[in-house]
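**Student:** fold the following, please.
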Amino acid sequence: MTIAYLGLGANLGETLQTMQHAIASLAQRTGIAVRARSGFYRSAPVQADGPPYANCVVCVETSLEPRVLLRTTANIETQFGRTRPYPNAPRTLDIDLLLYGDACIDEADLTVPHPRLTERAFALAPLLELAPDIEIPRRGRAAEFLASVAAQQISRITETGMKAQGKSENAF
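**Tutor:** I've put the predicted structure just below:
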C-alpha cells in the first residue's frame with residue numbers, strides 16, 4: 001500500500017457538495033482507502049478563468065499503481081460532469097495526483113510530484129494541513145515553498161461559512 005495525496009478543486013456548480021461526493025466516491029473504489037481530508041479552501045483561479053475555486057487535499061492509502069489511480073480519478077471527474085473544452089477551463093471537478101509515496105515519475109501523461117505543486121497555495125496549504133512535515137521528492141520540505149506563493153489569494157472556508165454559503169458558495 002502506498003500513501004498518495006490528491007488535490008481536489010472545483011469552480012462550477014455546488015463545489016463543496018461535489019467535492020464531498022467525489023471523496024465518498026474515492027472511498028468506494030477498490031484499492032483506495034481515504035485516510036484524511038484537509039479543510040476546504042477558497043482560491044482565485046491561477047492561470048485560468050472563471051469564478052473562484054473551492055479546494056482541498058485528500059490523503060489516501062492505495063494499492064493502485066499511479067497510472068491506474070490517475071485513470072480512476074479521471075473517471076470520477078467525468079462522473080461529476082467534468083469536460084475539457086479548452087486548457088484550464090472552469091470545471092465541476094478536478095482531481096490531481098499531487099504525491100504518490102516517494103515516487104518521481106516524469107512521463108508525457110503523468111508527472112509526480114505534480115509539476116506545479118510548489119507553485120500553488122491552493123495545493124500547498126491544504127497539503128501542509130494534513131502533513132506539516134511532508135517532503136516533496138527531489139524538491140524538499142513542502143513548507144519551504146509557502147513564502148513563494150504567499151501573494152496568491154486563498155482563505156479557509158469555515159464550517160459556519162460552508163453552511164451560510166449555500167448557492168453562493170463561489171464568492172470569496
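**Student:** residue 70 contacts residue 114, correct?
**Tutor:** No - in this structure, residue 70 is not within contact of residue 114 by C-beta atoms under 8 Å, at 11.0 Å. Every C-beta, even on glycine, is put in place using the N, C-alpha and C of the backbone.
**Student:** wait, doesn't residue 79 sit right on residue 24?
**Tutor:** No - Residue 79 lies out of contact with residue 24 (C-beta under 8 Å); the separation is 11.5 Å.
**Student:** please, where are all the strands along this structure?
**Tutor:** In the chain, the strands defined using DSSP state E lie at 2-10, 32-37, 40-43, 53-62, 94-100, 105-107, 110-112, 135-136, 140-141, 154-157.
**Student:** overlap in contacts, residue 70 and residue 114.
**Tutor:** Counting by C-beta atoms under 8 Å, 6 or more residues apart in numbering, the residues touching both residue 70 and residue 114 are residue 97.
**Student:** got CSV for the strands of the chain, with mean neighbour count, distance to residue 129 and mean pLDDT too?
**Tutor:** Listed next are these as CSV, based on neighbours: other C-beta atoms under 10 Å; distance: least, C-beta to C-beta, whole Å; pLDDT from 0 to 100:
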stretch, mean neighbour count, distance to residue 129, mean pLDDT
strand 2-10, 24, 11, 97
strand 32-37, 16, 9, 97
strand 40-43, 22, 9, 96
strand 53-62, 24, 7, 97
strand 94-100, 23, 13, 97
strand 105-107, 11, 25, 94
strand 110-112, 17, 20, 95
strand 135-136, 18, 15, 96
strand 140-141, 12, 15, 96
strand 154-157, 16, 9, 93
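**Student:** got a markdown table for those, with distance to residue 18 too?
**Tutor:** Output for those, formatted as a markdown table (distance: least, C-beta to C-beta, whole Å):
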| stretch | distance to residue 18 |
| --- | --- |
| strand 2-10 | 5 |
| strand 32-37 | 14 |
| strand 40-43 | 11 |
| strand 53-62 | 8 |
| strand 94-100 | 10 |
| strand 105-107 | 28 |
| strand 110-112 | 24 |
| strand 135-136 | 27 |
| strand 140-141 | 32 |
| strand 154-157 | 14 |
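**Student:** kind regards, and thank you for your time.
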